[in-house]
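Engineer: Got a predicted structure plus its sequence, pasted below:
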Amino acid sequence: MEKDVASLILGIVAIFFIFLFGQNAVLSVACAIISIVFGILSYKSDGRKKYYLSGIGVSMLAIFLYAFPNFF
């Protein structure tokens, strides 16, 4: 599996865990961090631009949702 696609999938899984478990979803933060790392590694190796940017964006959203649950 390519790192850029893995970044996007892990970001989506992180969002899913946030909505499924709420503030108890520490695994979602781990998925989001790994997704950001894969996105950066994919950027360094000239991956497909839309996938790694989407993966990084969704992962940042997951971390934001985990850190500030009262906004939504």
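Structural biologist: It's in. Just so you know, these numbers come straight off a predicted model, no measurement behind them.
Engineer: Specify which residues of this structure, grouped into ranges, have pLDDT under the cut-off.
Structural biologist: Along the chain, the parts satisfying pLDDT under 70 run over 1, 46-48, 71-72.
Engineer: in it, which spans are helices?
Structural biologist: Counting by DSSP state H, the chain has helices at residues 3-21, 26-44, 49-67.
Engineer: Export those helices to JSON lines and append columns for mean neighbour count.
Structural biologist: From N, CA and C alone the C-beta is placed, and that goes for glycine too. Listed next are the helices of the chain as JSON lines, based on neighbours: other Cβ atoms under 10 Å:
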{"stretch": "helix 3-21", "mean neighbour count": "20"}
{"stretch": "helix 26-44", "mean neighbour count": "19"}
{"stretch": "helix 49-67", "mean neighbour count": "19"}
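Engineer: ok now do A14, which residues does it touch?
Structural biologist: 28-29, 31-32, 35, 58-59, 62-63 (Cβ atoms under 8 Å, 6 or more residues apart in numbering).
Engineer: can you check S42 too?
Structural biologist: Here S42 is in contact with 2-4, 7, 48, 51-52, 55 (Cβ under 8 Å, 6+ apart).
Engineer: do the same with V29
Structural biologist: 14, 62-63, 66.
Engineer: same thing but 7 Å
Structural biologist: If you count contacts by Cβ atoms under 7 Å, 6 or more residues apart in numbering, V29 has them with 63, 66.
Engineer: And the one 4 residues further on, by the same measure?
Structural biologist: Contact partners of I33, counting by Cβ under 7 Å, 6+ apart, are absent.
Engineer: Kind regards, and thank you for your time.
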